[in-house]
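K.L.:
The sequence and its predicted three-dimensional model are supplied below.
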Amino acid sequence: MTRTTEMPTAKTPPDLVEFLVAAVCVLTLVLTAIFLCAAPLSGQIAGGRDFVVYWATGQQLAQHGNPYDLAAMTRIERAAGLPTVFPIGFMRNPPWGLPLVLPLGFLGLRVATLLWSLLLLACLGSSVRMLWVLHGRPDNYLHWLGLSFAPALVCLVAGQTALFALLGLVLFLRLHSTHPFLAGASLWLCALKPHLFLPFGLVLLAWFVVSKSYKILAGAALAIAASCAAAYCIDPAAWQQYAQMMRTSGIEKEFIPCLSIVLRLWIDPQATWLQYLPVSLACIWAMAYFWTRRRTWDWMKDGSLLMLVSLLLAPYCWLFDQVLAIPALLYGVYATRSRALFVVLALASVVLEVEAAYGFKLFSPLHLWTAPAWLAWYLVARATPPKPAADSSASQ
C-alpha cells in the first residue's frame with residue numbers, strides 16, 4: 001500500500017497565470033494614474049476630455065449663468081483648450097446632477113482636473129474594494145481585473161461621470177440589506193445616468209413593492225428631491241434650459257457605438273423611437289425574469305445579468321459607460337474560478353487598452369462588440385461549473 005501526494009507544481013500554473021495577468025492589470029492602472037496626475041501638473045490639459053464640459057458647466061453655474069448657453073460654453077471650452085475638431089459639449093446628465101459640478105466653478109482648470117481625476121480614481125478603487133469585501137475578501141488577485149478594466153481606464157482619461165454611477169451601484173449592493181436608507185440614497189449616483197438603468201430600475205421599483213423595502217425607496221426619493229432642490233437654488237431655470245438644449249443639440253444625429261443606435265440607423269435614421277425599442281423589450285424581459293425569482297431575489301447574483309442586459313440594450317451607451325459591468329464580471333470571475341475564462345476577459349480588456357494607447361475614437365463602430373462580449377462572457381462563466389478543489393487527501 002502506497003501513499004501518493006499531489007505534486008507541488010499542480011497548483012503553480014493557475015497561480016502563475018493569475019499573478020501575471022494581475023501584474024499587467026496593475027501596470028496599466030499605474031500608468032493611467034501617472035498620466036492623470038502628471039498631465040495637469042505639467043500644464044498639458046487634455047482639452048478633448050469630457051471633463052472640460054463639466055468644468056465649463058461649473059464655471060457658468062458659479063457665475064449664475066445658463067450652463068446650456070451655446071455662446072458662453074463655446075467661449076469657456078475653447079479657452080480651456082478644447083480643439084476645434086471637437087464640437088461644443090453640454091452636460092447631458094439630468095439637472096439634478098448640477099450640484100456635483102458646481103464646486104468646479106471655483107477652481108482653475110489645472111487644479112480642477114487633478115482633483116476630479118483623483119476623485120474618479122477613488123470611486124473606482126472604493127467600488128472594487130467593496131466588491132472584494134462582498135465576495136468574502138478572497139486571497140487572490142482577481143479583483144485587479146476590475147481596477148484595470150478597459151472601460152474604467154477610458155472613463156478615467158475622459159473624466160466621465162460613469163464611475164460615480166458605478167460607486168452608487170456598488171454602494172447599493174453593499175448596503176441594501178444592512179443600511180437600507182443609505183442604500184437608497186446611494187442610488188442618486190446611479191441617477192446621474194438613468195438611461196443605463198432602465199430595466200434595472202424597473203425591477204428595482206417592483207422589488208421595493210414585493211420586498212416592502214420602503215426605507216430604500218425613501219432614501220432614493222429624498223436624495224433625488226434634495227438634489228433637485230439644490231439644482232433649483234443654483235439655477236431656477238435649469239430644467240427648461242436643459243429641455244431646450246436636448247431639443248436643439250443634435251444628439252439624435254450622433255453615432256454612438258451601441259446596438260440601439262445601429263438598429264435605428266439601419267432601419268430608419270429619422271425614427272428616434274426605434275432607439276428605445278430594444279430597451280422596451282428588455283424591460284418586459286426584466287419583469288418576467290424578476291417575477292419568477294421574486295421570492296429568492298439576490299441583487300448580486302440576479303442583478304448581475306440584469307445590469308448587463310440594461311447596458312447592452314440601453315438607448316445609448318458609450319464605451320466608458322460599461323464600467324457598470326464590473327460588478328457582474330467580477331461576480332462571474334469569482335463564481336467560475338476558471339483561469340481560462342479569467343484570461344479571456346483580461347485579453348479582451350487588453351485589446352481595448354492597446355487601442356486606447358494608440359488614440360482610438362470613442363465613436364468607432366469597432367466597439368460594437370464590447371457590450372455583447374461582456375454579456376456572453378458572463379453567461380459562459382455562469383454556465384461553467386467551478387473548478388473542483390484540489391484533492392489533498394491521501395489515496396490508498
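P.N.:
It's in. Residues are numbered from 1 along each chain as shown.
K.L.:
and residue 326, what does it touch?
P.N.:
Residue 326 makes contact with 127, 128, 131, 146, 149, 152, 166, according to CB atoms under 8 Å, 6 or more residues apart in numbering. To be clear about C-beta, it is placed using only N, CA and C from the backbone, and glycine gets the same treatment.
K.L.:
name the element the second one belongs to?
P.N.:
Secondary structure from DSSP states H and E places residue 128 in helix 109-134.
K.L.:
Tell me the helix or strand right after that helix.
P.N.:
Next element after helix 109-134 (DSSP H and E): helix 144-147.
K.L.:
Which strands or helices does that following helix pack on?
P.N.:
helix 12-41, helix 109-134, helix 326-336, helix 339-357 (3 or more CB pairs under 8 Å, 6 or more residues apart in numbering; DSSP states H and E).
K.L.:
Any idea which of those helices gets closest to residue 245?
P.N.:
helix 109-134 (22.2 Å; CB to CB).
K.L.:
Packing partners of the helix holding residue 128?
P.N.:
By 3+ CB pairs under 8 Å, 6+ apart, helix 109-134 packs against helix 12-41, helix 51-62, helix 144-147, helix 150-158, helix 162-175, helix 326-336.
K.L.:
Give me the distance from that helix to the chain's centre.
P.N.:
Helix 109-134 sits 12 Å away from the centroid of its parent chain (CA atoms, centre = their mean, to the nearest Å).
K.L.:
Kindly report the same for stretch 161-176.
P.N.:
That offset, for stretch 161-176, works out to 9 Å (CA atoms, centre = their mean).
K.L.:
re the thing from before, would you point to the one among the helices and strands packed on helix 144-147 that's packed deepest?
P.N.:
Most buried of the helices and strands packed on helix 144-147 by mean neighbour count (mean count of other CB atoms under 10 Å) is helix 326-336; its value is a mean of 23.
K.L.:
quick one: secondary structure of residue 317?
P.N.:
coil (DSSP: H, G, I helix; E, B strand; the rest coil).
K.L.:
Grab the nearest non-local neighbour of residue 182.
P.N.:
residue 175 (5.1 Å; CB to CB, 6 or more residues apart in numbering).
K.L.:
re the thing from before, how far off helix 326-336 does the helix holding residue 128 point, in degrees?
P.N.:
30 degrees (axes from the mean of the first three to the mean of the last three CA atoms, to 10 degrees).
K.L.:
so who does the closest residue to residue 141 other than its chain neighbours touch?
P.N.:
Once flanking residues are discounted, residue 141 sits nearest to residue 22: 3.4 Å by CB to CB, 6+ apart. If you count contacts by CB under 8 Å, 6+ apart, residue 22 has them with 141, 142, 144, 145.
K.L.:
with the residues you listed in mind, which one is nearest to residue 276?
P.N.:
Scanning those for proximity to residue 276, where the rule is CB to CB, the winner is residue 145, at 32.6 Å.
K.L.:
So the closest one versus residue 352, what's the distance?
P.N.:
13 Å (CB to CB, to the nearest Å).
K.L.:
same thing with residue 241?
P.N.:
For residue 241, the distance to residue 352 - CB to CB - is 36 Å.
K.L.:
With residue 268 instead?
P.N.:
Counting by CB to CB - residue 268 and residue 352 are separated by 31 Å.
K.L.:
Quick one: closest of the helices and strands packed on helix 144-147 to residue 294.
P.N.:
Nearest of the helices and strands packed on helix 144-147 (CB to CB): helix 326-336, 20.0 Å.
K.L.:
Now the closest one: average pLDDT?
P.N.:
Helix 326-336 carries an average pLDDT of 91.
K.L.:
Please put the alpha-carbon coordinates of that helix into PDB.
P.N.:
C-alpha atoms of helix 326-336 as PDB (Å, rounded to 0.1, in the frame of the first residue of the first chain):
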ATOM      1  CA  ILE A 326     -17.600  45.500 -13.400                       C
ATOM      2  CA  PRO A 327     -19.800  44.100 -10.500                       C
ATOM      3  CA  ALA A 328     -21.300  41.400 -12.800                       C
ATOM      4  CA  LEU A 329     -17.900  40.500 -14.400                       C
ATOM      5  CA  LEU A 330     -16.200  40.100 -11.000                       C
ATOM      6  CA  TYR A 331     -19.100  38.000  -9.800                       C
ATOM      7  CA  GLY A 332     -18.600  35.800 -12.800                       C
ATOM      8  CA  VAL A 333     -14.900  35.600 -12.200                       C
ATOM      9  CA  TYR A 334     -15.300  34.600  -8.600                       C
ATOM     10  CA  ALA A 335     -18.200  32.200  -9.400                       C
ATOM     11  CA  THR A 336     -16.500  30.200 -12.100                       C
END
